[in-house]
Structures are given as structure tokens and as C-alpha cells.
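[1] Structure for the following, please:
(2 chains)
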Amino acid sequence: KAGVTQTPRYLIKTRGQQVTLSCSPISGHRSVSWYQQTPGQGLQFLFEYFSETQRNKGNFPGRFSGRQFSNSRSEMNVSTLELGDSALYLCASSLVGPGGNEQFFGPGTRLTVL
Amino acid sequence: AQSVTQLDSQVPVFEEAPVELRCNYSSSVSVYLFWYVQYPNQGLQLLLKYLSGSTLVKGINGFEAEFNKSQTSFHLRKPSVHISDTAEYFCAVSLQGAQKLVFGQGTRLTINP
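    Residues are numbered from 1 along each chain as shown, chains lettered A, B, ... in the order given. Purely as a prediction, here's the structure:
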């Protein structure tokens, strides 16, 4: 079974631009979560989608948004990029259940904002 | 709110020596506990998890962890490490029934030959 895939793997943008990152979950997984990883702040939860609905949201500004499609694929968008948005963005998918399910992480998209 | 503290940012050990990576958490409600490993330029991989039951949890690659409710700790151990265990290790918690993970700051494990 194929793992979680994220595209692109690397991205360079300039301040003020916007960016869209894509995540394809493992087949059969309906929950997709996004995390931001930086050296200073560590791993922080952005949001979780399930059945095309945002089910949980972290403490990030409105410039960060996401969506999920009917095939469970998800995208996240960052508008008006700032230097501090440079990070590794990780996507994770999991089966639906009572919780405690393993989240399978993709390799991440490394975003550099110049 | 939940929080996780990993007490050591870096742990150097010699190959074949035992290692313990420490993790304390804070939560007013019951949580699930996890340890993830991240190798360079890769995503995170689950080592083990505690949901309920036995407080000693065995995971992949010879790792184990012990849940201690009174001390709110979930320390990770391995009796004999290998060069290939060099990586960053993250402790995380989630509320029961939720997917959101709250991570600690990570512990970089370096294995010296």
C-alpha cells in the first residue's frame, strides 16, 4: 500500500506570494491533518480534515487555510507569505476510529520564503 | 490544554549502550501518548503508543516506554542502541477521540561508535 505523498517536496517563494501544498493520504484513510515544523517552534498542529470538513484547527492566522476533496486528498494554502512561514509542512493521514489511531506522516514539503 | 516537555534536547550515547529519553506531559483529562521518530529529511514514524491497559508498551526497533500516571511521564527506553538509531525523537499526546497531536520539542539522539 502506498504511503502518504506530498507535492511538491521543495518550494521557494518570495514574501507576499501565496502557495498551495498537496497531500494524498493512504488509500482508505479519511482523516488528514497538517503540521508545521520549524526549528524555533517545533511541530505545531495546523488543522484536521475529515469527510471534506475541518474538524479541528490550531492557533494559526487566517492566512493558513485548507480543504479536503471527496477522494480524501487535501490541500493547504498560505496567502501573503511571510519570512516566518519558512518551514517543513507535514501531512498525516489516519483511519477513522475512536481515537488513538496511528497517524502516518508524509515526507513533507519544505517551503522557503525569501 | 495539553503540553509535553521533553527534558533533554540532545542525548549522546555510545553504540550498544542503553538509553532513556524523558517525556513529561500535562493534561487535566485522560490522553493518549505516543513516541515518534524522525530520520533526516523524512517524515515522522510511529515507534509506539499508549492508549490504555499495561503501562509498559513495546514498540518497533526494540524500543519500549513506560506510562507513569502519578508522575505524568512516558519515558522511552532501549537497552542497546545502534548507529541506525541516530534520529530525532518526539513525544506527543492527544485527547481521547481526537486526532490532533501536541508534540514535545524533540530529543536528538546521537550514537557514537
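[2] When you work out contacts or count neighbours from here on, use the C-alpha atoms and nothing else.
    OK.
[3] tell me which element the residue nearest the centre of chain B falls in.
    Nearest residue to the geometric centre of chain B (Cα atoms, centre = their mean): B:Trp35, 3.5 Å. Assigned by DSSP states H and E, B:Trp35 falls within strand B:31-38.
[4] Quick one: mean pLDDT for that strand?
    Strand B:31-38 carries an average pLDDT of 94.
[5] Show me what that strand is in contact with.
    Strand B:31-38 is contacted by residues A:100, B:44-52, B:74, B:76, B:87-96 when judged by Cα atoms under 8 Å, 6 or more residues apart in numbering or on different chains.
[6] Buried subset of those as a ChimeraX selection?
    Selection of buried members from the contacts of strand B:31-38 for ChimeraX, criterion 16 or more other Cα atoms under 10 Å in any protein chain shown:
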select /A:100 /B:44,45,46,47,48,49,50,51,74,76,87,88,89,90,91,92,93,94,95,96
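[7] For the spatially most central residue of chain A, which residues are in contact?
    What sits nearest the mean C-alpha location of chain A, by Cα atoms, centre = their mean, is A:Trp34, with 3.1 Å. Residues counted as contacts of A:Trp34 (Cα under 8 Å, 6+ apart) are A:45-48, A:89-92.
[8] ok, for it, nearest residue in space, not its chain neighbours?
    A:Cys91 (4.6 Å; Cα to Cα, 6 or more residues apart in numbering or on different chains).
[9] Ok, B:Tyr25 next?
    B:Tyr25 sits nearest to B:Val4 (Cα to Cα, 6+ apart), 4.3 Å away.
[10] Also A:Lys13?
    Closest to A:Lys13 by Cα to Cα, 6+ apart is A:Val113, at 4.9 Å.
[11] close enough to count as contact, the one you found and A:Ser86?
    Yes - the criterion here is Cα atoms under 8 Å, and A:Val113 meets it with A:Ser86 at 5.3 Å.
[12] I'd like the mean pLDDT over the helix or strand hosting the residue nearest to the centre of chain A, please.
    In this assignment (DSSP H and E), A:Trp34 forms part of strand A:31-38. Mean pLDDT, computed over strand A:31-38, is 96.
[13] Name the residues of it that are buried.
    By 16+ other Cα under 10 Å, the buried positions in strand A:31-38 come out as A:31-37.
[14] on that earlier part again, look up how far chain A lies from the nearest residue in space to the residue nearest to the centre of chain B that is not next to it in sequence.
    Leaving aside its sequence neighbours, B:Trp35 sits nearest to B:Cys91 (Cα to Cα, 6+ apart; 4.6 Å). B:Cys91 is 11 Å from chain A, where distance means Cα to the nearest Cα, to the nearest Å.
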